[in-house]
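**Student:** Need a 3D model of the following:
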Amino acid sequence: MENEPTSSSSPSSMRSNSGGEIIQSKFPLTFLEMAGASGVVLFFAVGLAGVYLTLPDSDYSFLKLPTTIEDLHILRDHLEQYTSDYTLQVLVGYCTVYIFMQTFMIPGTVFMSLLAGSLFGVSKGVALVVFAATAGASSCYFLSKLIGRPLILSLWPDKLVFFQDQVAKRRGGLLNYMLFLRLTPTLPNTFINVASPIVDVPYHIFFLATSIGLIPAAYLTVKAGIALGELRSVGDLYDIRSIGTLFLIGLVSIAPTLMTKNKP
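**Tutor:** Here you go, the predicted model:
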């Protein structure tokens, strides 16, 4: 008498297609990937809680992520009272919140850039914004590499391979392409942060393009933050002249690659 096959427990689920073939499907993320992502969330939760608990005793009902210019005015007016006496706490809190927003793709970092200009001036504000934005973009890059890439690979493997091949073909001028994307408002920065590790953009190229390419836009936004009272909406930040200037700088950055590509 033959032994009947026994089924063993597995994280994979079994299903059959119309032809009767057994197909294995499993959750695209491993335990370590899920643990890593959870660790990132926990890290920021502890960091934000730590920043809040180390602030001096006061009424912090005004502390919230600004979503309008009016919210930003209220936040700026209150933080100005603390910046001179508690500079370190304000700087640490600012960077933590900015990096947190960038990591988890929370909209509103433009308001944080305006706040930097209003509180710290142009030179310090630009340095602060570029540092926080680069750190946040890097954090988003590695988080996307950890969980975003396996998810995309499980959903659209053929399309992922196609885009990875396209990036590999342009590896020689990839820094120039990335600079162009960072300098110009062609693609949202959030999309660049998430997509770069998925299509195999090396981190050193991502880092250089981010830290350099964000400077012009950061300068425009931080400078506008000094005259915060004159702003009525975020749309007032970028006029045709400002956008044209960013595109011109972007074209200069990518020109060497285009000229090399057109050579016989």
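**Student:** The strand or helix carrying residue 33 - what's its average pLDDT?
**Tutor:** According to DSSP states H and E, residue 33 maps onto helix 31-53. The average pLDDT within helix 31-53 is 85.
**Student:** now do stretch 85-102
**Tutor:** pLDDT averaged over stretch 85-102 gives 90.
**Student:** List every C-alpha atom in it, with coordinates, as CSV.
**Tutor:** Only the C-alpha atoms of stretch 85-102 are listed here, as CSV (Å, rounded to 0.1, in the frame of the first residue of the first chain):
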residue,chain,number,x,y,z
ASP,A,85,17.2,80.3,23.5
TYR,A,86,16.8,76.7,22.4
THR,A,87,18.6,76.6,19.0
LEU,A,88,19.8,73.0,19.3
GLN,A,89,16.4,71.7,20.2
VAL,A,90,14.8,73.6,17.3
LEU,A,91,17.5,72.4,14.8
VAL,A,92,17.2,68.7,15.9
GLY,A,93,13.4,68.9,15.8
TYR,A,94,13.4,70.5,12.4
CYS,A,95,15.7,68.0,10.9
THR,A,96,13.9,65.0,12.4
VAL,A,97,10.5,66.2,11.1
TYR,A,98,11.9,67.0,7.7
ILE,A,99,13.6,63.7,7.3
PHE,A,100,10.5,61.9,8.6
MET,A,101,8.3,63.7,6.0
GLN,A,102,10.8,62.8,3.2
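**Student:** all numbers from here: first residue = 23
**Tutor:** Let's use 23 as the start, then, which means that last one is stretch 107-124.
**Student:** Of all the residues in that stretch, which ones are buried?
**Tutor:** By neighbour count on 16 or more other CB atoms under 10 Å, the buried set for stretch 107-124 is 108, 112-113, 115-124. Just so you know, the C-beta spots here come from the backbone N, C-alpha and C atoms, and that holds for glycine as well.
**Student:** In helices, which of those appear?
**Tutor:** Using DSSP state H, the members of these that fall within helices are 112, 113, 115, 116, 117, 118, 119, 120, 121, 122, 123, 124.
**Student:** Can I get these in a markdown table including distance to residue 52?
**Tutor:** Below are these laid out as a markdown table (distance: CB to CB, whole Å):
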| residue | distance to residue 52 |
| --- | --- |
| 112 | 40 |
| 113 | 37 |
| 115 | 34 |
| 116 | 35 |
| 117 | 31 |
| 118 | 29 |
| 119 | 31 |
| 120 | 30 |
| 121 | 26 |
| 122 | 25 |
| 123 | 27 |
| 124 | 25 |
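**Student:** Just give me the closest of those to residue 193.
**Tutor:** Top of the list for closeness to residue 193, among those and by CB to CB, is residue 124 at 25.9 Å.
**Student:** Name the helix or strand for the closest residue to that closest one other than its chain neighbours, please.
**Tutor:** Spatial nearest neighbour of residue 124, chain neighbours left out: residue 158 (2.4 Å); criterion: CB to CB, 6 or more residues apart in numbering. Assigned by DSSP H and E, residue 158 falls within helix 144-165.
**Student:** So which elements touch that helix?
**Tutor:** helix 53-75, helix 109-125, helix 131-142, helix 211-220, helix 225-235, helix 237-248 (3 or more CB pairs under 8 Å, 6 or more residues apart in numbering; DSSP states H and E).
**Student:** ok so, going back, check the spacing between the residue nearest to residue 124 and residue 212 real quick.
**Tutor:** Residue 158 is 10 Å from residue 212, where distance means CB to CB, to the nearest Å.
**Student:** Need the overlap of contacts for the two.
**Tutor:** residue 124 (CB atoms under 8 Å, 6 or more residues apart in numbering).
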